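Visitor: next input, structure requested:
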Amino acid sequence: MEYRGFVKYRLPGEEETVILNGFWKKTDHLQGFSNVDFVVANYDNSFYYVFHANDEDEKAEIELCYRSMDDESFLNYGAYTEKLKDLIEEIRSGKYQKVIFSRRKKVGRKVDPEAIFHKLNIQYQNSFNYLFGIENTGVWIGASPEVLIGSVYSRYQMHSLAGTLGRNVQGEYDWSEKEKEEQKYVTDYIIDGFEKVGITDLKLDGPSVFEHGRVAHLKTSMDFAATYDQINELLREIPPTPAVCGIPKEEILSVIQDLEGYDRRFYTGTIGVYKEGQIQLFVNLRCMEVFMNEACLYVGGGITSKSDPENEWDETEVKSQTLLDML
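Guide: Residues are numbered from 1 along each chain as shown. Below is the predicted model of the structure:
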């Protein structure tokens, strides 16, 4: 089945905005879809929407793409911190090592996605900025700082991005063992994925500080050589990473929706350009789903045995400003 829709995006560091009209197809794999114009997957990669541009198609109006707001959970401060207290106790008991716990934040008024996208392109030059709509399925907008896989000539790049801080009163970053552990979890996980698919030509750089909006993250850059088949295997093996899911991955994936109380849909999923010879895929963070007369933000953070519920709430509030500042 085909769904009408549109895509607008701007790659990090680029000036050009790509605007595409065409149609989407839903699939449960990317096998045989090596030359599509855009792809977006849900958070656990159990399904994908692939986009085929067609200049002859009539532009899909954004109203065609809105879906109705659901009644799933919107946690307030009290409910969020109580859930985290229980979760931290489970982590300390050894049930999990790390859990990425997220929440939705309601924007109780009508927003203009086109205007927000324009502002994102002015404000955030080093992120992947996008706006897309799928017929009767949803309108999403975001500014993701996290590269999943990118290609330059015959080599590929990945980033291990985890740990989040704002500046202290002296204007510096006080990285604790919690943030450093979060970052190492993700780096080790991705390296293990490389080994599983037989990638050996690998260069690491970092961790270093990567600033995005009001916060910064710890980042390790990975440069490697791989065949196209190995890239396809990586996309089956690695997403979602511990930076958006947790450890142990399979166990947490099976309970994350019950823990959070809502369906993440495209939040923390894979998004971007997926063509042989040009792969620019990102993790869908700092994002918002837009409805006809309101919107909601998706924000989360890494929970470990050292987490503090109040600090975690504050971190999600800061992350939400990436898009709230554009309203």
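Visitor: can we go C-alpha only for contacts and neighbour counts from here?
Guide: OK.
Visitor: off-centre distance for the helix or strand containing His159?
Guide: Using DSSP states H and E, His159 sits within strand 155-165. Relative to its chain's centre, strand 155-165 lies at 12 Å (C-alpha atoms, centre = their mean, to the nearest Å).
Visitor: how about stretch 9-24?
Guide: Distance, centroid of stretch 9-24 to centroid of chain: 17 Å (C-alpha atoms, centre = their mean).
Visitor: on that earlier part again, the strand holding His159 pairs with which strands, parallel or anti?
Guide: Its sheet considered, strand 155-165 pairs with strand 147-152 (antiparallel), strand 215-224 (antiparallel) by DSSP bridges.
Visitor: mean confidence for the first one?
Guide: If I follow you right, that is strand 147-152. Strand 147-152 shows a mean pLDDT of 86.
Visitor: cool, stretch 240-254 as well?
Guide: The pLDDT scores in stretch 240-254 average 86.
Visitor: got it, and stretch 103-117?
Guide: The pLDDT scores in stretch 103-117 average 93.
Visitor: only the buried residues of stretch 214-232, if you could.
Guide: 215-226, 230-231 (16 or more other C-alpha atoms under 10 Å).
Visitor: any idea how far apart the tips of that stretch sit?
Guide: By C-alpha to C-alpha, to the nearest Å, the extent of stretch 214-232 from end to end equals 34 Å.
Visitor: so what touches that stretch?
Guide: For stretch 214-232, the external contacting residues (C-alpha atoms under 8 Å, 6 or more residues apart in numbering) are 30-31, 154-167, 179-180, 183, 187, 197-211, 276, 318-319, 321-322.
Visitor: just the buried residues from those, in ChimeraX please.
Guide: The following ChimeraX line selects those of the contacts of stretch 214-232 that are buried, judged by 16+ other C-alpha under 10 Å:
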select :30,156,157,158,159,160,161,162,163,164,165,166,179,180,183,187,197,199,207,209,210,211,318,319,321,322
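Visitor: and the helix or strand Glu114 falls within, what's buried?
Guide: Using DSSP H and E, Glu114 sits within helix 113-123. For helix 113-123, burial by neighbour count (16+ other C-alpha under 10 Å) applies to 113, 116-117, 120-121.
Visitor: helices or strands up against it?
Guide: Applying 3 or more C-alpha pairs under 8 Å, 6 or more residues apart in numbering; DSSP states H and E, one finds that helix 113-123 contacts strand 128-134, strand 138-144.
Visitor: recalculate using a threshold of 10 Å.
Guide: In terms of contacts (3 or more C-alpha pairs under 10 Å, 6 or more residues apart in numbering; DSSP states H and E), helix 113-123 is packed against strand 2-10, strand 128-134, strand 138-144, strand 287-290, helix 309-324.
Visitor: let me see the mean pLDDT of the third one.
Guide: To tie it back to what came earlier, the one meant is strand 138-144. Confidence for strand 138-144, expressed as mean pLDDT, is 95.
Visitor: do the last one as well
Guide: In this model, helix 309-324 has an average pLDDT of 91.
Visitor: on that earlier part again, out of the strands paired with strand 155-165, which is closest to Met1?
Guide: strand 147-152 (28.0 Å; C-alpha to C-alpha).
Visitor: which parts of that closest one are buried?
Guide: 147-151.
Visitor: let me have these in CSV, extended by distance to Glu289.
Guide: As requested, those are exported to CSV (distance: C-alpha to C-alpha, whole Å):
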residue, distance to Glu289
Val147, 21
Leu148, 21
Ile149, 24
Gly150, 25
Ser151, 28
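Visitor: so where's the protein shaky on pLDDT?
Guide: Scanning the chain for pLDDT under 70 picks out the ranges 34, 56-58, 169, 171, 212-213.
Visitor: for it, what's the longest helix?
Guide: If each helix of the chain is counted by residues according to DSSP state H, the longest one is helix 177-196.
Visitor: what's the closest non-adjacent residue to Glu237?
Guide: Of all residues not flanking Glu237 in the chain, Gly193 sits nearest, at 6.4 Å (C-alpha to C-alpha, 6 or more residues apart in numbering).
Visitor: over to Phe266?
Guide: Once flanking residues are discounted, Phe266 sits nearest to Asn42: 4.2 Å by C-alpha to C-alpha, 6+ apart.
Visitor: number of residues surrounding Asp71?
Guide: With neighbours defined by other C-alpha atoms under 10 Å, the count for Asp71 comes to 7.
Visitor: that one and Tyr262 touch, don't they?
Guide: Yes. Using C-alpha atoms under 10 Å, Asp71 is in contact with Tyr262, at 9.0 Å.
Visitor: hmm, back to that, Thr241 is nearest to which of the helices and strands packed on helix 113-123?
Guide: The nearest among the helices and strands packed on helix 113-123, by C-alpha to C-alpha, is strand 138-144 at 15.2 Å.
Visitor: strands paired with the closest one, and their directions?
Guide: Assessed with DSSP bridges, strand 138-144 is paired to strand 128-134 (antiparallel), strand 287-290 (antiparallel).
Visitor: so which residues make contact with the shortest one?
Guide: The set of residues external to strand 287-290 that reach it, using C-alpha atoms under 10 Å, 6 or more residues apart in numbering, is 65-69, 104-107, 110-113, 129-133, 138-144, 265-268, 295-299, 319-320, 322-324.
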